[in-house]
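[1] how would this look folded up:
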Amino acid sequence: MNITQGKVIRPQKVVIYGVEGIGKTTFAAAFPDPLFIDTEGSTVHLDVKRTDKPLNWDDLINTVHEVWTAPGLCKTLVIDTLDWAEQLCVNHVCQTNGKSSIEAFGYGKGYTILGETFQQLLKELDNVIQSGANVVLTAHAKMRKFEQPDETGSYDRWEMKLSKYVAPLIKEWADMVLFANYKTILVADENGKKKAQGGRRVIYTSHHPCWDAKNRHGLPDEIDLDYKAIKDAIEPKTAKKAAKKKEPAQDTSRASSAVDVPEKVMELLRRDDIAEEEVRKVIVDRGKFRPATWQEMDEAGFVDKWVIPYWDNIRDMIQSDPHRLPF
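    I've put the predicted structure just below:
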């Protein structure tokens, strides 16, 4: 038995649906390295990658199949839109069964077959997730009259523009179902007449009697229509912050400026609080060695033959210099 614990970080399945022209495609384009299966020409004004438009259901399935069998094509696959994908599936079901329409099956049988067939796409999209890429599906919204069976009255409700057999599959499959709409506020004038004002574009992330929505990341019920609002859920910071290394105490002695100094000289510099530049100046002034690096002086044997043996003299000359700069 293999038991694991903790959150499992994986790519996300995101559905964004909303009213016409609100910016669903632009929102999807903000995901990491997107590749669009663009069915309506919605990306023509966006600088994004796109595939050829699939002409039928088999084309769509094969296109998605190619994405997950060729890792690295993208980090996010976008199907824009689900409405169109469902219509391809409807056409396929009707053609395969020799029917003129989905209603021609009778007794809802056509819709049952539609739901079963549509799951082929979801299985291919699951493989995209397994390959390491996010999946974003866009859809249009429709409003319908909804009546609670145990209550009187009815109200308008926003739903995805999909059949009642496909929509539940999508909602169950997705990690996020986001509803995008314009938020308006009713303001009463001096005569008490209310007028709508505003029009801010927002995303609703949780279920409401007036719309379908859900998320598994604890997002606020309402957020701006901006990818940044969900970025942490899509691109989680998985790496733990490295423990901050304790920096060694700052060396305030003159020797702290030493560069490329042999350790045997460095010990003397620290002991007598002398900077390596001061020692180098004595060496050059006495004509003992041309200006060079400590490594060159050490390799030439100058350190062992002159610096170390005459260190006391070097130290005294430095410390007795009346022009020596204070620390």
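
[2] and the strands in the stretch 101-250 of the chain?
    For the stretch 101-250 of the chain, applying DSSP state E, counting those that start in this stretch gives strands covering 134-146, 155-160, 176-188, 194-204, 214-215, 222-224.

[3] redo those as a markdown table? Include distance to Thr112.
    C-betas here are computed from N, CA, C, even on glycine. Below are the strands of the stretch 101-250 of the chain laid out as a markdown table (distance: least, C-beta to C-beta, whole Å):
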| stretch | distance to Thr112 |
| --- | --- |
| strand 134-146 | 21 |
| strand 155-160 | 19 |
| strand 176-188 | 23 |
| strand 194-204 | 31 |
| strand 214-215 | 25 |
| strand 222-224 | 36 |
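
[4] which phi and psi does Ser163 have?
    With angles defined as degrees, to the nearest 10, Ser163 sits at phi -70, psi 160.

[5] can you check Ile318 too?
    Backbone torsions for Ile318, taken as degrees, to the nearest 10, come to phi -70, psi -50.

[6] so how far is Ala300 from it?
    Here Ile318 is placed at a distance of 22 Å from Ala300 (C-beta to C-beta, to the nearest Å).

[7] now swap in Glu20 and tell me
    Per C-beta to C-beta, Glu20 is found 81 Å from Ala300.

[8] who's more crowded, those two?
    Neighbour count, other C-beta atoms under 10 Å: between Glu20 and Ala300, Ala300 has more, with 12 against 7.

[9] list the contacts of the nearest residue to Asn56 once chain neighbours are set aside.
    Leaving aside its sequence neighbours, Asn56 sits nearest to Leu88 (C-beta to C-beta, 6 or more residues apart in numbering; 6.1 Å). For Leu88, the contact set (C-beta atoms under 8 Å, 6 or more residues apart in numbering) comprises Pro54, Asn56, Trp57, Leu60.

[10] from what I see, Ala174 and Ile16 are in contact.
    No - judged on C-beta atoms under 8 Å, Ala174 makes no contact with Ile16 at a distance of 9.8 Å.

[11] element containing the residue nearest to Asn56?
    If you go by DSSP states H and E, Leu88 is part of helix 82-96.

[12] quick check: angle from that helix to strand 155-160?
    With axes from the mean of the first three to the mean of the last three C-alpha atoms, to 10 degrees applied, the angle from helix 82-96 to strand 155-160 works out at 70 degrees.

[13] what's the helix or strand for the residue lying farthest from the centre of the chain?
    Most distant residue from the mean C-alpha position of the chain: Asn313, 64.6 Å away (C-alpha atoms, centre = their mean). If you go by DSSP H and E, Asn313 is part of helix 311-319.

[14] could you export that helix as CSV, CA atoms only?
    Provided in CSV are the C-alpha atoms of helix 311-319 (Å, rounded to 0.1, in the frame of the first residue of the first chain):
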residue,chain,number,x,y,z
TRP,A,311,57.3,40.6,8.6
ASP,A,312,58.1,42.4,11.8
ASN,A,313,60.1,45.0,9.9
ILE,A,314,57.2,45.4,7.4
ARG,A,315,54.7,45.8,10.3
ASP,A,316,56.8,48.4,12.1
MET,A,317,57.3,50.5,8.9
ILE,A,318,53.6,50.5,8.3
GLN,A,319,52.6,51.3,11.9
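
[15] specify the residue ranges that define each domain of the chain.
    Domains of the chain are assigned by automatic domain parsing as 13-234, 254-319.

[16] looking at these, which is nearest to Thr4?
    domain 13-234 (16.9 Å; C-beta to C-beta).

[17] tell me the spacing between Asn313 and Trp306.
    From Asn313 to Trp306 the distance is 10 Å (C-beta to C-beta).

[18] dig out what the closest residue to Gly18 other than its chain neighbours forms beta bridges with.
    Distances taken as C-beta to C-beta, 6+ apart put Ala180 closest to Gly18, at 3.0 Å, once the chain neighbours are dropped. On the basis of DSSP bridges, Ala180 is bridged to Gly18, Ile203.

[19] any idea where the helices of this protein begin and end?
    Per DSSP state H, the chain carries helices over the ranges 24-29, 57-69, 82-96, 109-130, 167-173, 231-234, 263-272, 276-285, 294-299, 302, 311-319.

[20] any idea which of these gets closest to Val136?
    helix 24-29 (4.6 Å).

[21] tell me which residues touch Trp211, please.
    Contacts of Trp211 by C-beta under 8 Å, 6+ apart are Arg157, Trp158, Glu159, Phe179, Asn181, Tyr204.
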